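Visitor: With the sequence up front, the predicted model follows.
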Amino acid sequence: MRLLMEEELFPSTPGKVKIERAHAFNRQFHRCFASTSTMFLWALFLIALTISYLSFKSFVDTGTHYFNLSSSVSSSSSHAWGGLQWEKHVRTSAEIRRAEGMSVLVTGAGGFVGSHVSLALRKRGDGVVGLDNFNTYYDPSLKRARRNLLSKSGIFVVEGDVNDARLLARLFDVVAFTHVMHLAAQAGVRYAMENPASYVHSNVAGLVTLLEACKSADPQPAIVWASSSSVYGLNDKVPFSESDKTDRPASLYAATKKAGEEITHTYNHIYGLSVTGLRFFTVYGPWGRPDMAYFSFTRNILQGKPITVYRGKDKKNLARDFTYIDDIVKGCVASLDTAGRSTGSGGKKRGPAPYRIYNLGNTSPVSVPDLVGILERHLKVKAKKNMVEMPGNGDVPFTHANVSLARNELGYKPTTDLNTGLRKFVKWYLSYYGYNKGDKSGM
Ligand SMILES: O=C(O)[C@H]1O[C@H](OP(=O)(O)OP(=O)(O)OC[C@H]2O[C@@H](n3ccc(=O)[nH]c3=O)[C@H](O)[C@@H]2O)[C@H](O)[C@@H](O)[C@@H]1O
């Protein structure tokens with residue numbers, strides 16, 4: 001056998017038969033060589049194709065520019081993400097520095113609640129990567145100042161939109177996030193009448209884009225996200241409990257948050273995503289949102305400008321269960337700590353996953369005129385009040401949280417009353433803007 005093979009391949013002595021054999025061998029050899037070289041050429045071609053695809057992809061990723069088209073709240077005109085340096089920042093920021101720690105993607109990290117939660121997580125050694133589009137709904141310089149604070153603690157905030165599916169996919173490629181704290185949203189109750197599209201863009205479309213990314217991530221993260229007390233809408237049974245019906249929203253904002261609760265339920269049901277929705281009750285405190293009443297009242301009072309105080313029917317005062325930021329942060333962190341795992345993988349559910357909703361409020365509502373009175377005392381300036389009947393703008397007359405569920409399951413216990421919380425807020429406001437220089441805080 002061995003001889004035969006050697007003879008066929010390596011004819012030793014010239015001769016007819018041997019010559020014919022040699023020709024036959026040559027034909028075979030050429031055929032064989034021809035097919036090998038074709039294969040070789042194909043291989044070369046495929047390698048070249050792969051290389052050019054990869055370099056094109058990296059070029060596109062490095063220079064990605066994306067725009068917030070469907071909302072007139074504009075995010076920064078364009079920004080870039082991707083590239084090795086960017087990935088390194090993301091990875092370093094996500095590093096866990098404690099046993100049993102988590103790595104959390106915090107959306108809306110340049111925002112009020114997002115920045116506080118990010119810092120709290122980082123402080124105890126969790127990995128945190130922020131995401132924020134720094135839009136112009138209110139003064140983006142405040143958002144950037146919050147980002148600088150985060151940056152000093154080693155938290156990297158990616159500039160981008162939750163509607164950017166490619167960016168989200170890349171983030172999950174780079175880091176196996178254990179949790180997502182989703183706080184990016186179009187906030188504000190009354191602004192929904194001015195710019196309804198921005199609510200659909202961020203609170204509905206953006207939420208779905210994020211959930212799609214979480215569903216496809218491997219491992220799937222657990223999700224904790226911000227719903228709102230406004231989902232209780234026109235309910236008049238107080239205090240509000242999670243088991244109450246929430247089908248009478250009074251504003252488009254409330255309706256998009258309610259939609260968020262239904263949408264997250266779907267993703268929990270179909271894909272096994274662990275979901276916790278937190279109904280925040282009028283959160284306030286240092287580094288807060290300039291569009292909110294306590295903040296804009298402070299600015300106007302200091303500048304000697306009048307403030308508009310809304311009143312309900314029959315001159316009834318409006319009231320809110322104002323909740324201090326530190327209490328909210330504790331509720332958020334406890335929700336992350338107790339969130340069960342998502343069960344899906346490869347986009348498929350592998351078993352039931354937790355779906356939870358909690359009220360995070362203060363449990364003691366205060367009327368808006370009382371809020372103004374507290375501010376006057378802390379600012380030592382009398383407010384010029386215009387009492388106006390509440391226009392039909394989406395506001396609800398009062399909010400009041402029952403927090404027994406959060407107390408029992410999260411250990412949530414609010415400890416800061418409005419007087420103490422506003423004192424801390426005013427102290428921060430004066431140190432940040434200076435006395436009488438609040439015009440920077442305009443929206
Ligand atoms: O708890 C919530 O779910 C919501 O809390 C706040 O919404 P809101 O309670 O309306 O907070 P503010 O805008 O600070 O208003 C507080 C109270 O002051 C009143 N107000 C507001 C503005 C104003 O010029 N005058 C005035 O009397 C409002 O009618 C309301 O009763 C946030 O803005 C929402 O993003 C959040 O989801």
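Guide: Looks like it arrived, so ask away. Here the structure is a predicted model, which is why all the values come from computation and not from measurement.
Visitor: What residues does the stretch 151-300 of the chain have near the ligand?
Guide: Ala187, Gly188, Val189, Ser228, Ser229, Ser230, Phe280, Phe281, Thr282, Met292, Ala293 (Cβ under 6 Å from any ligand atom). To be clear about C-beta, it is placed using only N, CA and C from the backbone, and glycine gets the same treatment.
Visitor: make it 5 Å
Guide: Counting by Cβ under 5 Å from any ligand atom, the positions of the stretch 151-300 of the chain adjacent to the ligand are Ala187, Val189, Ser228, Ser229, Ser230, Phe281, Thr282, Met292, Ala293.
Visitor: helix, strand or coil for the closest residue in space to Lys237 that isn't next to it in sequence?
Guide: The spatially closest residue to Lys237, leaving aside those adjacent along the chain, is Asp244, at 6.5 Å (Cβ to Cβ, 6 or more residues apart in numbering). The three-state assignment at Asp244 reads coil, by DSSP: H, G, I helix; E, B strand; the rest coil.
Visitor: need the contact list for Asp244.
Guide: Asp244 is in contact with Tyr232, Asn235, Lys237, counting by Cβ atoms under 8 Å, 6 or more residues apart in numbering.
Visitor: what's the pLDDT at the first one?
Guide: The per-residue pLDDT reported for Tyr232 equals 98.
Visitor: Pull up the gap between it and Tyr271, please.
Guide: Distance of Tyr232 to Tyr271, computed by Cβ to Cβ, to the nearest Å: 28 Å.
Visitor: One more: Pro249?
Guide: Counting by Cβ to Cβ, the gap from Pro249 to Tyr271 is 26 Å.
Visitor: Also Leu252?
Guide: Leu252 is 27 Å from Tyr271, by Cβ to Cβ.
Visitor: cool, Arg122 as well?
Guide: Taken as Cβ to Cβ, the span from Arg122 to Tyr271 is 29 Å.
Visitor: Compare these two (neighbour count), which wins?
Guide: Ranked by neighbour count (other Cβ atoms under 10 Å), Arg122 and Tyr271 place Tyr271 first, with 22 against 19.
Visitor: Could you list which residues are in contact with that one?
Guide: Tyr271 touches Lys215, Gln220, Ser342, Gly344, Gly347, Lys348, Lys349, counting by Cβ under 8 Å, 6+ apart.
Visitor: From the residues you listed, list the buried ones, please.
Guide: Neighbour counting over these (16 or more other Cβ atoms under 10 Å) leaves Lys215, Gln220, Ser342, Gly344, Lys349 as the buried ones.
Visitor: Quick check: which element contains the first one?
Guide: Okay, so that is Lys215. Assigned by DSSP states H and E, Lys215 belongs to helix 207-216.
Visitor: could you give the mean pLDDT of that helix?
Guide: Helix 207-216 comes out at a mean pLDDT of 98.
Visitor: got the contact list for it?
Guide: So helix 207-216 is contacted by 107, 162-165, 168-169, 171-172, 180, 182, 220-221, 223, 225, 260, 263-264, 267, 271, 273, 342, 344, 347 (Cβ under 8 Å, 6+ apart).
Visitor: wait, doesn't Met181 sit right on Leu336?
Guide: Yes - using Cβ atoms under 8 Å, Met181 makes contact with Leu336 at a distance of 6.5 Å.
Visitor: So if I had to pick from the two, which one is more boxed in?
Guide: A direct count of neighbours by other Cβ under 10 Å for Met181 and Leu336 places Met181 higher, at 33 against 20.
Visitor: now the helix or strand hosting that one: how far from the chain's centre is it?
Guide: In the assignment (DSSP H and E), Met181 maps to strand 179-182. Computed by Cα atoms, centre = their mean, to the nearest Å, the chain-centroid distance of strand 179-182 equals 6 Å.
Visitor: and if you look at stretch 381-396?
Guide: 32 Å.
Visitor: What is the end-to-end distance of it?
Guide: The straight-line separation of the ends of stretch 381-396 (Cα to Cα, to the nearest Å) is 29 Å.
Visitor: That stretch vs the ligand: in contact?
Guide: Yes - judged by Cβ under 5 Å from any ligand atom, stretch 381-396 comes into contact with the ligand through Asp395.
Visitor: List the buried residues in that stretch.
Guide: Val381, Ala383, Lys385, Met390, Gly394, Val396.
Visitor: Please verify my assumption that the fourth one contacts Thr308.
Guide: No - using Cβ under 8 Å, Met390 makes no contact with Thr308, being 10.2 Å away.
Visitor: where does Asn235 land in three-state SS?
Guide: Going by three-state DSSP: Asn235 is coil.
Visitor: residue contacts, it?
Guide: By Cβ under 8 Å, 6+ apart, the residues touching Asn235 are Asp244, Lys245, Thr246, Arg248.
Visitor: Who are the contact partners of the residue sitting nearest the centre point of the chain?
Guide: For the chain, the residue nearest the mean C-alpha position is Thr107 (2.2 Å; Cα atoms, centre = their mean). Thr107 makes contacts with Gly114, Gly130, Leu131, Asp132, Val162, Val180, Met181, His182, Leu183, Ala184, Leu210, as judged by Cβ under 8 Å, 6+ apart.
Visitor: Any idea what it is bridged to?
Guide: Leu131, His182 (DSSP bridges).
Visitor: quick revisit: can you tell me which of the buried ones among the contacts of Tyr271 are in strands?
Guide: Among the buried ones among the contacts of Tyr271, no member falls in strands (DSSP state E).
Visitor: Identify the residues contacting the closest residue to Pro306 other than its chain neighbours.
Guide: The spatial neighbour of Pro306 that comes closest, neighbours along the chain excluded (Cβ to Cβ, 6+ apart), is Lys384 at 4.1 Å. Neighbouring residues of Lys384 by Cβ under 8 Å, 6+ apart: Gly304, Lys305, Pro306, Ile307.
Visitor: Out of those, flag the one nearest to Thr363.
Guide: Ile307 (26.5 Å; Cβ to Cβ).
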